[in-house]
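**Student:** below: sequence and its predicted model.
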Amino acid sequence: MSNLQRRGCGFSASSATGLRRYGWWLRIAIGCTVILTAGVASSQAPPSTPQASPPSEAFTAYRVEIVDAENGWPVPLVELKTTSSVRFVSDNAGVIAVDDPSLLNQPVWFSVSSHGYEVPADGFGFRGVRLTPRAGESHTLEVQRTSIAKRVGRLTGSGLFAESQKLGEQTEWRDAPLVGCDSVQNAVFRNRLFWLWGDTTLARYPLGVFDMTAATTTLEPFATDEPPLRPRFDHFLDAAGRPRGVADMPGDGPTWLTGVVALSTRDGDEKLVACYRKIAGHLEVYEAGQCVWNESEQRFEHLQTLWRREDDEPLPAALREGHPVRWTDPEGQRWILVGNPLPHARVPDQFQAWKELDQWQALKPQASLPAAGEDRRIVPHSGSIAWNAYRKRWVTVFMEKFGSPSAFGTLWYAEADQPTGPWGPAVEILSHDNYTFYNPRIHSELARQDSPILLFEGTYTAEFTDHAIPTPRYNYNQILYRLDLDDPALAAAVDALESR
């Protein structure tokens, strides 16, 4: 007897009893074969339920342009999402190419969401719009701005005009050779504006550049203060045409730079300098010191190490992170102030003094600012200050520590007569719904004396959030905003100071 027969799975022509005993297995097998065959046949037949009509010729996307209802400006970073969670995000021109053929020629509900912008809610509380996408057609969608700050556009990364280019627009635009980067440090050096970014991601591999990428621009890098933003950077590249590090300090781990500033020497020369930090583990600083730009090598060189973790001493004032600004005190002494956002250290405005630890003085920054119109105080986390010629005051844009609705995504504006304070009251100018926007940096070098326009940027990232879904192309990049200092919404920050 065969193994199959022993297991009761075989049949014998002379065994009528076995056929009757196991015949029901045969009927099930035959039935399954019929069902499967019918299923294959039905899957090949035309569907019985109505479906979206596919394009008859080469596919052409449906164009949606998102504009600010107040001024008609294009609005980047607006998301449209279908009921099946297909997402589209507007580019720097405020354009979306609905390029999913399954959505054509049928009514489609798009939820509309954007930090600081919205559309009215319907009776059920849904904020969105119903459109019927058709190949080659277009729709203009107006959104209402709810934030005081106005979004100008994305500064870094790739695909700044990707949606427009899908539609045959903005074809002359060429992206920078990187896809994302951390916060910026700026300095004017030898009639060029230097831009230095932290950890930088590239398209070719998940691990990118971890010792500062950099670029330069003219002193007026943007053709306009209005969107669409077209930033053109001259990046420092390697032989393969990829962004390269410009601050590879000795030692393992990433190198971060802070306090970047151009200083004069006693002999009349000018040097671009910075404080460096070597990083290990989870954002842990194990060494810090100073470095100087080598113009011929086009990179920063190690000058001196001033602190090591094993020293078991706090970081000296000279090495604390922040953005430098120049200030002349009432006695006529010129200083470099460093703060993040409010000044926590100062040093005489001269290269030789900057090098000497004993020339640095620690300052005690204001711990919190009163919130305008509210009985609470705001604790700053990061940001910057600048002298503003239009306001004839010092101004700050800073991120709130543990704000709401995002722990690290709410920004405030305040003024002071002196950079050391007192500051406030503060007015909220921008917030994010479960998304981070840290290290805001005021671009005072781009401000015109007779203009109320204040530009600032920050790092937009899903890090440090409650499991936020990263926004394609925008995540881990720098976004530029505009604040109009003559906006009545800022009156609470202005009037309180004038009444003192």
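**Tutor:** Yep, it's here.

**Student:** where does pLDDT dip in the protein?
**Tutor:** Applying pLDDT under 70 to the chain flags residues 1-59, 496-500.

**Student:** what are the boundaries of the helices in the stretch 401-500 of the chain?
**Tutor:** Using DSSP state H, counting those that start in this stretch, the helices of the stretch 401-500 of the chain run over 491-498.

**Student:** can you show me the strands along it?
**Tutor:** Along the stretch 401-500 of the chain, counting by DSSP state E, counting those that start in this stretch, strands occupy 411-416, 427-430, 436-442, 453-461, 477-484.

**Student:** nearest to residue 123, of those strands?
**Tutor:** Closest to residue 123 of the strands of the stretch 401-500 of the chain is strand 427-430 (CB to CB; 29.2 Å). In this view, the C-beta of every residue, glycine as well, is placed from N, C-alpha and C.

**Student:** measure residue 183 to residue 438 for me?
**Tutor:** Distance of residue 183 to residue 438, computed by CB to CB, to the nearest Å: 7 Å.

**Student:** hey, what's in contact with both of those two?
**Tutor:** Common contact partners of residue 183 and residue 438 (CB atoms under 8 Å, 6 or more residues apart in numbering): 458-459.

**Student:** please parse the chain into its domains.
**Tutor:** Taking automatic domain parsing as the domain assignment, the ranges for the chain are 3-44, 62-147, 177-362, 366-500.

**Student:** for the longest one, what is the distance to the chain centroid?
**Tutor:** By that I understand domain 177-362. In terms of CA atoms, centre = their mean, to the nearest Å, the centre of domain 177-362 is found 19 Å from the chain centre.

**Student:** cool, the last one as well?
**Tutor:** Computed by CA atoms, centre = their mean, the chain-centroid distance of domain 366-500 equals 15 Å.

**Student:** stretch 264-276: end-to-end distance?
**Tutor:** Distance across stretch 264-276, first residue to last, is 20 Å (CA to CA, to the nearest Å).

**Student:** list the contacts of it.
**Tutor:** 185, 187, 189-190, 194, 196, 247, 249, 255-263, 288-293, 300, 302-303, 318-319, 321, 349-352, 354.

**Student:** re earlier: would you reformat the strands of the stretch 401-500 of the chain as a markdown table and include mean neighbour count and distance to residue 385?
**Tutor:** A markdown table is the format used below for the strands of the stretch 401-500 of the chain (neighbours: other CB atoms under 10 Å; distance: least, CB to CB, whole Å):
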| stretch | mean neighbour count | distance to residue 385 |
| --- | --- | --- |
| strand 411-416 | 26 | 8 |
| strand 427-430 | 23 | 15 |
| strand 436-442 | 23 | 7 |
| strand 453-461 | 24 | 11 |
| strand 477-484 | 22 | 14 |
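
**Student:** of the contacts of stretch 264-276, which belong to strands?
**Tutor:** Within the contacts of stretch 264-276, residues falling in strands by DSSP state E are 185, 187, 189, 194, 196, 255-263, 288-293, 300, 302-303.

**Student:** buried subset of those residues, written for PyMOL?
**Tutor:** To isolate the buried members of these in PyMOL, using 16 or more other CB atoms under 10 Å:
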select buried, resi 185+187+189+194+196+255+256+257+258+259+260+261+262+263+288+289+290+291+292+293+300+302+303
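
**Student:** hang on, residue 131 packs against residue 106?
**Tutor:** No: with contacts counted by CB atoms under 8 Å, residue 131 stays clear of residue 106, the gap being 10.0 Å.

**Student:** more neighbours: these two, which one.
**Tutor:** Higher neighbour count among residue 131 and residue 106: residue 131, with 19 against 14, using other CB atoms under 10 Å.

**Student:** which residues are in contact with the more buried one?
**Tutor:** Per CB under 8 Å, 6+ apart, neighbours of residue 131: 62, 64, 107-108, 110, 139.

**Student:** pick the one among those closest to residue 84.
**Tutor:** For these, the nearest to residue 84 is residue 108 (9.5 Å; CB to CB).

**Student:** residue 132 is in contact with that closest one, correct?
**Tutor:** Yes: using CB under 8 Å, residue 108 makes contact with residue 132 at a distance of 7.1 Å.

**Student:** more neighbours, those two?
**Tutor:** Under the criterion of other CB under 10 Å, the comparison of residue 108 against residue 132 puts residue 108 first, with 23 against 13.

**Student:** who's the more buried one bridged to?
**Tutor:** Beta-bridge pairing of residue 108 under DSSP bridges involves residue 131.

**Student:** got the contact list for it?
**Tutor:** Residue 108 neighbours (CB under 8 Å, 6+ apart): 82, 130-133.

**Student:** can you check residue 184 too?
**Tutor:** 195-197, 439, 441, 457, 478.

**Student:** could you export those as TSV, including distance to residue 150?
**Tutor:** Formatted as TSV, these follow (distance: CB to CB, whole Å):
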residue	distance to residue 150
195	22
196	26
197	23
439	20
441	17
457	13
478	16
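
**Student:** now do the buried residues in stretch 217-231.
**Tutor:** Buried residues in stretch 217-231 (16+ other CB under 10 Å): 217, 221-222, 225, 227-231.

**Student:** need the max-distance pair from the residues you listed.
**Tutor:** Checking these with CB to CB, the most distant pair is 217 and 227, at 18.0 Å.

**Student:** contacts only, for residue 136.
**Tutor:** Residues in contact with residue 136, defined by CB under 8 Å, 6+ apart, are 60, 62.

**Student:** go on, residue 473?
**Tutor:** 89, 91, 154, 157-159, 162, 179.

**Student:** re earlier: any of the contacts of residue 131 buried? List them.
**Tutor:** 62, 64, 108, 110, 139.

**Student:** could I get the phi/psi values of the closest residue to the second one other than its chain neighbours?
**Tutor:** Read it as residue 64. The shortest distance from residue 64 to any non-neighbouring residue, by CB to CB, 6 or more residues apart in numbering, is to residue 96 (4.4 Å). Phi and psi for residue 96, reported as degrees, to the nearest 10, are phi -130, psi 130.

**Student:** was I right to think residue 96 contacts residue 79?
**Tutor:** No: between residue 96 and residue 79 there is no contact under CB under 8 Å: 9.0 Å.

**Student:** now do the shared contacts for the two.
**Tutor:** 88-90.

**Student:** in those, which residue is surrounded by the most others?
**Tutor:** Most neighbours among these, by other CB under 10 Å: residue 90, with 26 neighbours.

**Student:** name the nearest residue to that residue, sequence neighbours excluded.
**Tutor:** Distances taken as CB to CB, 6+ apart place residue 78 nearest to residue 90, at 4.4 Å, with adjacent residues excluded.

**Student:** now do residue 481
**Tutor:** In space, residue 481 is closest to residue 149, 4.4 Å off (CB to CB, 6+ apart).

**Student:** name the SS class of residue 164, please.
**Tutor:** Look at residue 164: counting by DSSP: H, G, I helix; E, B strand; the rest coil, its state is helix.

**Student:** skip the chain neighbours and tell me the closest residue to it.
**Tutor:** That would be residue 170: by CB to CB, 6+ apart, it lies 4.1 Å from residue 164.

**Student:** do you know how far that neighbour is from residue 161?
**Tutor:** Taken as CB to CB, the span from residue 170 to residue 161 is 4 Å.

**Student:** looking at the domains of the chain, which is nearest to residue 166?
**Tutor:** Closest to residue 166 of those is domain 62-147 (CB to CB; 3.9 Å).

**Student:** any idea which element residue 274 lies in?
**Tutor:** Residue 274 is part of strand 270-280 when elements are defined by DSSP states H and E.

**Student:** buried residues of that strand, list them for me.
**Tutor:** 271-279.

**Student:** hmm, the residue nearest to residue 164 is touching residue 163, no?
**Tutor:** No: contact criterion CB under 8 Å: residue 170 and residue 163 do not qualify, at 9.1 Å.

**Student:** circling back to that earlier point, let me know the closest of the contacts of residue 108 to residue 367.
**Tutor:** Out of the contacts of residue 108, the member with the shortest distance to residue 367 (by CB to CB) is residue 82, at 46.5 Å.
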